[in-house]
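Participant: only geometry, no sequence info:
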């Protein structure tokens, strides 16, 4: 009897795990020796989902089932996060490397083109992928990450955006990773059951790797907006929660100047930075409707 009680106690104290088979199947793509973990579901044209900070593939749990009805959906863990490899060194988190990880996913699934979807840092990677690989970008969906030109302009000219971006400056400081703990990084997760899953994922992740995104890629002071970017050549859907305290909506202005094809901009009142978690049904319906409308383009 005592053995049965012990077994029950062990089960109850085990950490909560995300069972990928509830949403799709696990796998790994090789990106020049770095393993990129993904969860894939559905059949059809490829859609790659890229999370931001601090997050992992599970952030797309409401979008995956709906998209999988029409598409082959692949949600990745970016390098440094959860089950993907966590290479050391700031240089291993350059935008070139992050874009290369997405290209490796396309190659892994033997696809020449895909719809690229990104939130936060995943949005930065999505913009960069579309600019570097227009021939591989079928469509682009970006959540709460303005075009880098718009963000650079606001950082250079808008004192409020500069103030609200101070956290990024802090993340670039030596020793910043020692001040961040997994327990602090789950502050934004609303659901109790999901919070335990995030905590487990962040304990498995590299905090230093997470902050290397900022050290390798975030603009440094003094801010300037003189950088030029190639035109994005694919149709673009942007969804932006207007209550985002980190990325203010002023950076959305003029986005149409940097896109060659059609831009659909959807703003979501009362939704914050994690717009796809604050308004999951609306965001999912918007994505599916736009992708379905755009299937013939």
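Facilitator: Right, received. Where do you want to start? Please read these numbers as outputs of a predicted model, since none were measured by experiment.

Participant: and after the lowest-mean-pLDDT helix or strand in the chain, which helix or strand comes next?
Facilitator: Using mean pLDDT, DSSP states H and E, helix 2-13 stands out as the lowest-scoring helix or strand of the chain, at a mean of 34. Sequence order places strand 25-31 as the next helix or strand after helix 2-13, per DSSP states H and E.

Participant: Show me what counts as buried in that following strand.
Facilitator: Of the residues in strand 25-31, 27-29, 31 count as buried by neighbour count, 16 or more other C-beta atoms under 10 Å. From N, CA and C alone the C-beta is placed, and that goes for glycine too.

Participant: Just confirm residue 103 is within a strand.
Facilitator: No - using DSSP: H, G, I helix; E, B strand; the rest coil, the assignment for residue 103 is helix, not a strand.

Participant: Report the separation between it and residue 247.
Facilitator: 26 Å (C-beta to C-beta, to the nearest Å).

Participant: which of the two has more neighbours?
Facilitator: residue 247 (22 against 17; other C-beta atoms under 10 Å).

Participant: pLDDT value on the more buried one, please?
Facilitator: We have a pLDDT of 98 for residue 247.

Participant: helix, strand or coil for it?
Facilitator: Here residue 247 is coil, with the state taken from three-state DSSP.

Participant: give the contact list for it.
Facilitator: Applying C-beta atoms under 8 Å, 6 or more residues apart in numbering to residue 247 gives the contacts 144-146, 151, 240, 273.

Participant: Adding distance to residue 70, write these out as CSV.
Facilitator: Formatted as CSV, those follow (distance: C-beta to C-beta, whole Å):
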residue, distance to residue 70
144, 24
145, 24
146, 28
151, 32
240, 24
273, 28
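
Participant: Specify which member of these is nearest to residue 259.
Facilitator: Taking C-beta to C-beta as the measure, residue 259 lies nearest residue 146 of the contacts of residue 247, at 12.3 Å.

Participant: remind me which residues of the protein are low pLDDT?
Facilitator: By pLDDT under 70, the low-scoring segments of the chain are 1-21, 294-297.

Participant: Nice, that's everything, thank you.
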